[in-house]
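Engineer: pasted the sequence and its predicted model underneath.
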Amino acid sequence: MTFPTRMTPTRALALLCCALAALFVGWNLVGAVPDALAGALQQQLGEQPEYRTFPVVGSRVAVWVVAQLHLMFAAFVLAVPMFAIIIEFIGYRGGDQRYDDLAYEFTRLLSVSFSFTASLGALLTFFLFILYPGVMDYLLSIFSWTFMLYVGVFFLEAAFLYSYYYGWGKMNKIVHLLLGVGLNIVGIVIIFIADAWLTFMNSPAGIDTSGNLVTIWGAVNNFTWMPINIHRLIANICFGGSIAAAYGAYKFLGAKTPEERAHYDWMGYIGNFIAIIALLPLPFAGYYLGREIYAFSQSLGIALMGGTFSWLFIIQAVLIGNLFLAANYYLWLSMERIHGAERYRKFIKYLLGAITVCFIVWATPHSLVASVEEARAMGGAHHPVLGVLGVMSAKNTAVNILILTTYLSFLFYRRANKEATVSWARTGKAVQFAIFSIAVGIVIFLGIYGYFVEAAVRIGLSVPQVMSVLFAMISIAIIDVFMFKNARVLGPIQWGKIPARAQYTLFFIAITFAWTMALMGYVRSGIRQHWHVYGVMRDTSADAFTPTLGYAANVISVTVLIFFAFIAVVFYLSSLAGKKHEPAAKEVPA
Amino acid sequence: MTALKIFGFTILVAAFYSYVGQMVPQKETYPPEDTEMSADMTTEDLVVAGEELVSGKGTCLGCHTMSGETGGRFPDLANVGAVAGDRKQGMDDVEYLAESLYDPNVFVVEGFLPGMPPASQPPIDLNDREILAVIAYLQSLGGTPTVTLDTELSWQSEDLSESGSSAASATGGGQAATGGPAQTATTSLTGEELFQTYLCGTCHSISEPTPMIGPSLVDVGARLSKAEIYEAVMDPDAAITEGFAPGMMSAQLNATGFYERISSQQLRTLVDFLASMEGGS
């Protein structure tokens, strides 16, 4: 077993880059650079302008793209340690070196990614202070010392991350795990601080009617702060898992030996498993966020769901529908490498049918783009039949059924090569079936009931829908764990014996996650429309208008492509890093 | 080869999602435009202005329907002029509608949840005159408008007796004014009028191809995209036409306070006008 033992030029450069970037971020945020810039510009222009223009693409697009790239890398860097430490802990508890190796391989991706994150963060800071000096002045007046705290925590993050990575195998395992815990705590603090700034712009609090600071805690603890914290934490794990899975897929496709293929097949599976497990509760976190947006301002909520951005959620439905479809498809393909899985193949067509129906319902718009003649024929913009499916009652029902269907696919995968040996297996399966059926029944009943009640009641129905799905998933999982304890194994999992299209499915999931993340980042920011800080500070720049969704989609696609170009560099450089040892087929769990 | 395949696949998936983005309705949303309000407006004028405000700056139709249907998230306004006087005991229709706009959560119609933001505060930020216009329009929906600009309401904070014409201010209280240029009577000017108001014609011609102090703008729409025209206005030194000195235009615009005075709406109108100058006529 070998570990990085010396400071290579690449690592030294990465560290230096990170330190400089963090220093730069700090310097910018505390105001030194803006002051210097302001001084220089004031000499030239007489006084500091509210805005400056970025050439060619304009200030908004420049900040938009850089911010999104920074967020994607930050999400990856903050998410990977969360599951890496869990995998490492599993390896430590079970004395299984294979898990330790896997956790290390995930962590290896962090080193280069962290440098990208810091550099993009510095670039974003530069752009914000140069292009939007008025906005940044105001935010500095509100959040003052939290910027300093952020810089300090950022340095701690760098210290923990590199100690965790370079200290692997060179220190006591408990100490190493504690370093990982520290890394995660610091990472969460970073997210929470940055979330305070951005959520304040959407749902400002802690200020008086003139926009002056009253309490900084009030500004931090605004309506959408905690919902965004929770939503981002979960979404980051989804995203991080999917990128790690894409790395596994990339290595699988380039693998030269069956052993390598087996190892990276396993890695891709674990990454995807993490992504999908985190995906399942994500819509619930989304409900919570949406509810708080409405609680803060009905106008903001309606701009989000029923106004300017309502059609954006049709695009989101396509994305999420594709994610669920791809996640299920990958599980079904994965079952081909498991002896005993053939027992469950007959159910796949029904699962596919359910997913397709839910996908169609979710992607049905409330109103249709129609010509005057078509609208006349329909009697309005709502289709007489399909219009019924375009409302939240139908969509909430569809997404909950999608989640349950995906859960069922996973359950089949999990028990594919196992046969329960406990005496109560038959009863257990019957109870599981009953719970599942009742949950589906509740979700569908409440969905239909929503059409017959007032809006105030209808909005509240999503809560029991969500609760019944969560209850079903948790209770069925608990029964499953006990029911398949000491189960008879019908055959080993033949890692590596999976078609290449499964690996492209992993890429598809990663790209779709990235695109979804960028789209939702856009809408979170975009619902403020012509406000920098909603209801407090108006956007008077030339970019105060909201662009078309097609334009936004193009910006998002370009951003996603740049991100994956950078990620390709990360994958390549990570591959160059010292390998611990060659993986062997026998080292992959059955 | 594998790397190329992955690269191609990534582009394909991103392009697919871009395509999905083009398939939904495409609409740019601009900040609400101000409604011209003058001190001599009659009740009928207020109704017309109110209708414009309800669907524009007031953003009322984002939440309320006007179709007569029930079951929406907020009360339907189709017949509100007829029922407003009976909604709340001790209040006539004007007072009720005024309270609903200034302090909407004091009384919430049965079957609905509170949540409407005060129309007099940001982000809606209607001024007292605009609110009177909205009330007049709402009265007209099934009732008889009675409101004039002399109607006094206990919520009003402005002295409405000021004479003269004024455009509705885009800036609200406090920080809403930050970066918000003062809205003057230039609010509803056309692009050509803005061109003259901001003295662009001192240096640029829009009728002759001959350059003056600055290049002729007769065919600027054919030479530059809208984005480039924006840039040329907001950052004149970013790209200088050959033969002209840098720094002059920015110095001139700063000296005249152009950047402080022009609003985003005016800028858009001005740029649209310049973009239409293609030298064809």
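Structural biologist: The structure has been received and is ready for your questions.
Engineer: and residue 144, how many residues sit next to it?
Structural biologist: Went with chain A since none was named. Residue A:144: 14 surrounding residues under other CB atoms under 10 Å in any protein chain shown. Where you see a C-beta, it was placed from the backbone N, CA and C, and this is true even at glycine.
Engineer: that's the wrong chain, I meant chain B
Structural biologist: Other residues close to residue B:144 by other CB under 10 Å number 10.
Engineer: what's the closest non-adjacent residue to it?
Structural biologist: Excluding the flanking residues, the one nearest residue B:144 by CB to CB, 6 or more residues apart in numbering or on different chains is residue B:81, at 7.4 Å.
Engineer: ok, the one you found to residue A:54 distance?
Structural biologist: Distance, residue B:81 to residue A:54, by CB to CB, to the nearest Å: 49 Å.
Engineer: please say which of these two ends up with more neighbours.
Structural biologist: residue B:81 (21 against 18).
Engineer: shouldn't the more buried one be in contact with residue B:135?
Structural biologist: No. Residue B:81 sits out of contact with residue B:135 when judged by CB atoms under 8 Å, with a separation of 9.7 Å.
Engineer: for residue A:50, helix, strand, or coil?
Structural biologist: coil (DSSP: H, G, I helix; E, B strand; the rest coil).
Engineer: apart from its neighbours in sequence, what residue is nearest it?
Structural biologist: Residue A:50's closest residue in space is residue A:134 (CB to CB, 6+ apart), at 3.9 Å.
Engineer: burial of the one you found, as a residue count?
Structural biologist: 18.
Engineer: swap in residue A:218?
Structural biologist: For residue A:218, using other CB under 10 Å, the count is 14.
Engineer: quick one: contacts for it?
Structural biologist: A:205, A:206, A:207 (CB atoms under 8 Å, 6 or more residues apart in numbering or on different chains).
Engineer: and the first one, what does it touch?
Structural biologist: This points to residue A:205. Contacts of residue A:205 by CB under 8 Å, 6+ apart are A:218, A:219, A:221, A:222, A:223.
Engineer: one more time with 10 Å
Structural biologist: A:199, A:214-215, A:217-225, A:296 (CB atoms under 10 Å, 6 or more residues apart in numbering or on different chains).
Engineer: from the residues you listed, pick the one nearest residue A:331.
Structural biologist: residue A:224 (33.8 Å; CB to CB).
Engineer: the closest one is in contact with residue A:202, isn't it?
Structural biologist: Yes. Counting by CB atoms under 10 Å, residue A:202 is a contact partner of residue A:224 at 5.6 Å.
Engineer: hey, what's in contact with both of the two?
Structural biologist: Contacts common to residue A:224 and residue A:202, judged by CB under 10 Å, 6+ apart, are A:293, A:296, A:300, A:524.
Engineer: show me the two of these that sit farthest apart.
Structural biologist: That would be A:296 and A:524, which, of the shared contacts of residue A:224 and residue A:202, are the farthest apart (CB to CB) at 13.0 Å.
Engineer: of the two, who's got more company?
Structural biologist: residue A:296 (22 against 19).
Engineer: need the contact list for the nearest residue to the more buried one once chain neighbours are set aside.
Structural biologist: Once flanking residues are discounted, residue A:296 sits nearest to residue A:223: 3.7 Å by CB to CB, 6+ apart. The neighbourhood of residue A:223, defined by CB under 10 Å, 6+ apart, consists of A:199-200, A:202-205, A:289, A:291-297, A:300.
Engineer: how close does residue A:223 sit to chain B?
Structural biologist: 13 Å (CB to the nearest CB, to the nearest Å).
Engineer: A strand includes that residue, no?
Structural biologist: No. Assessed by three-state DSSP, residue A:223 does not belong to a strand; its assignment is coil.
Engineer: quick check: which element contains whichever residue of the stretch 1-150 of chain B sits closest to chain A?
Structural biologist: Across the stretch 1-150 of chain B, the shortest distance to chain A (CB to the nearest CB) belongs to residue B:21, at 2.2 Å. Element membership for residue B:21 (DSSP states H and E) is helix B:2-23.
Engineer: one step back: shared neighbours of residue A:296 and residue A:524, anything?
Structural biologist: Shared contacts of residue A:296 and residue A:524 (CB under 10 Å, 6+ apart): A:199, A:202, A:224.
Engineer: chain B: helices as residue ranges?
Structural biologist: B:2-23, B:43-55, B:80-87, B:93-102, B:128-140, B:191-197, B:220-223, B:226-234, B:248-255, B:258-261, B:264-275 (DSSP state H).
Engineer: hey, least reliable of those helices by pLDDT?
Structural biologist: Note on the helices of chain B: lowest mean pLDDT is at helix B:258-261, with a mean of 74.
Engineer: mind listing what's buried in that one?
Structural biologist: With burial defined by 16 or more other CB atoms under 10 Å in any protein chain shown, the residues of helix B:258-261 counted as buried are B:258, B:259, B:261.
Engineer: isn't the second one up against residue A:53?
Structural biologist: No. Taking contacts as CB under 10 Å, residue B:259 lies outside contact range of residue A:53: 11.2 Å.
Engineer: buried subset of the contacts of residue A:205, written for ChimeraX?
Structural biologist: A single ChimeraX command selects the buried members of the contacts of residue A:205 (16+ other CB under 10 Å):
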select /A:199,219,220,222,223,224,225,296
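Engineer: is it true that residue A:483 touches residue A:430?
Structural biologist: No. Counting by CB under 10 Å, residue A:483 does not reach residue A:430; the two are 11.2 Å apart.
Engineer: find residues that contact each of the two.
Structural biologist: residue A:424.
Engineer: among the two, which residue is more densely surrounded?
Structural biologist: The neighbour comparison of residue A:483 against residue A:430 (other CB under 10 Å) goes to residue A:483, with 21 against 11.
Engineer: contact partners for that one?
Structural biologist: Residue A:483 touches A:415, A:418, A:420-422, A:424-425, A:427-429, A:431-432, A:476, counting by CB under 10 Å, 6+ apart.
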